[in-house]
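Student: Need a 3D model of the sequence below.
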Amino acid sequence: MRRLFQFKETAATIEADEEYLPLAEDALLKAREQVETYIAKDPYFKATFDPYPVRSDMGEVVKHMCNAAQKADVGPMAAVAGAISQEAVSAMVEGGCKHCLVDNGGDIAMRTNRKVTVGLYAGECTPNYLAIEVPATKGLLGICTSSGTVGPSISLGRADLATVISDDVALADACATKLGNLITEDDLTLMDRSIREVLAIKGVRGALVMINGKLGMGGDVPRLVRSDVPPDKITRIRF
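Tutor: Numbering: from 1, shown residues only. Next up is the predicted model:
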């Protein structure tokens, strides 16, 4: 089943057998609560674009965000959606689920036993056929995307789409932000250099960038395939 979970700023699509959906929803709420609790203690945590030190009074989700952000040299909130989606998938896997994914606004955590097609959405610049075909995973996998032109996330760059793949979903999220920040202009040399810089971060498996219809990628990126990106499959806040 596919179900949209929406709470405050979180809009997440959960895909799993129906019996596991409550596990994911509960994990999403608990992970959000950890983040909100720490922000209430220190609002700077939410505002900073710089790495934030791990502290003993943090919950495990917040520590995970800080560790991922440190590796990517970005602020901890750059890893929030990936860290939260990872918690939800981990909860379902621990409950016995063999195929599950959570798309938290374009930051996807998955543990699958079958092929999954992930559409690449870059707004008006999206080729209407482009997607990646992800084989069944052996464990947890994160595919996270940042954009300087689409959606509400903060990016300091101009990339229409900056996607990073890692077994650590929070790290994929933080590094997607880093990659998007690096793409400040439509330049193939800059695109190549930026992809290489992100791939040098330990734990990053693959990276992909789109800007003004140009595509660059490196590392272990699943096969590109033709596939529609139906608007109703794009996870977003719905009022």
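
Student: Do a quick rundown of the helices in the chain.
Tutor: With DSSP state H, the ranges of helices along the chain come out as 21-41, 44-47, 60-72, 80-94, 169-182, 188-199.

Student: out of the ones you listed, deepest packed?
Tutor: helix 169-182 (a mean of 31; mean count of other C-beta atoms under 10 Å). For the C-beta atoms, the positions are set from N, CA and C on the backbone; glycine is no exception.

Student: if we can go back for a sec, and the helices of the chain as CSV, adding mean pLDDT and distance to Asn104?
Tutor: What follows is these, written out as CSV (pLDDT from 0 to 100; distance: least, C-beta to C-beta, whole Å):
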stretch, mean pLDDT, distance to Asn104
helix 21-41, 97, 8
helix 44-47, 97, 17
helix 60-72, 98, 13
helix 80-94, 97, 4
helix 169-182, 97, 9
helix 188-199, 97, 20
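
Student: Make TSV out of the ones you listed and add distance to Ser147.
Tutor: Shown next, in TSV, are the helices of the chain (distance: least, C-beta to C-beta, whole Å):
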stretch	distance to Ser147
helix 21-41	22
helix 44-47	20
helix 60-72	16
helix 80-94	13
helix 169-182	6
helix 188-199	14
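
Student: what's the closest non-adjacent residue to Gly148?
Tutor: Ser155 (4.0 Å; C-beta to C-beta, 6 or more residues apart in numbering).

Student: Can you verify my assumption that the one you found contacts Gly180?
Tutor: Yes. Between Ser155 and Gly180 there is a contact under C-beta atoms under 8 Å: 4.3 Å.

Student: Find the residues that touch each one of the two.
Tutor: 146-148, 162 (C-beta atoms under 8 Å, 6 or more residues apart in numbering).

Student: quick one: which of the residues you listed is nearest Tyr38?
Tutor: Nearest to Tyr38 among these is Ser146, at 22.3 Å by C-beta to C-beta.

Student: residues contacting the residue nearest to the closest one when sequence neighbours are not counted?
Tutor: Once flanking residues are discounted, Ser146 sits nearest to Gly180: 3.7 Å by C-beta to C-beta, 6+ apart. Listed by C-beta under 8 Å, 6+ apart, the contact set of Gly180 reads 146-148, 155-157, 159, 162.

Student: Just list whatever residues bridge to the residue nearest to Leu120 when sequence neighbours are not counted.
Tutor: The shortest distance from Leu120 to any non-neighbouring residue, by C-beta to C-beta, 6+ apart, is to Leu130 (4.9 Å). Per DSSP bridges, the residues bridged to Leu130 are Arg226.

Student: Just give the number of residues close to Leu130.
Tutor: For Leu130, the number of neighbouring residues by other C-beta atoms under 10 Å comes to 19.

Student: my read: it touches Tyr121, true?
Tutor: No. Between Leu130 and Tyr121 there is no contact under C-beta under 8 Å: 9.1 Å.

Student: Regarding the chain, what is its longest strand?
Tutor: strand 204-211 (DSSP state E).
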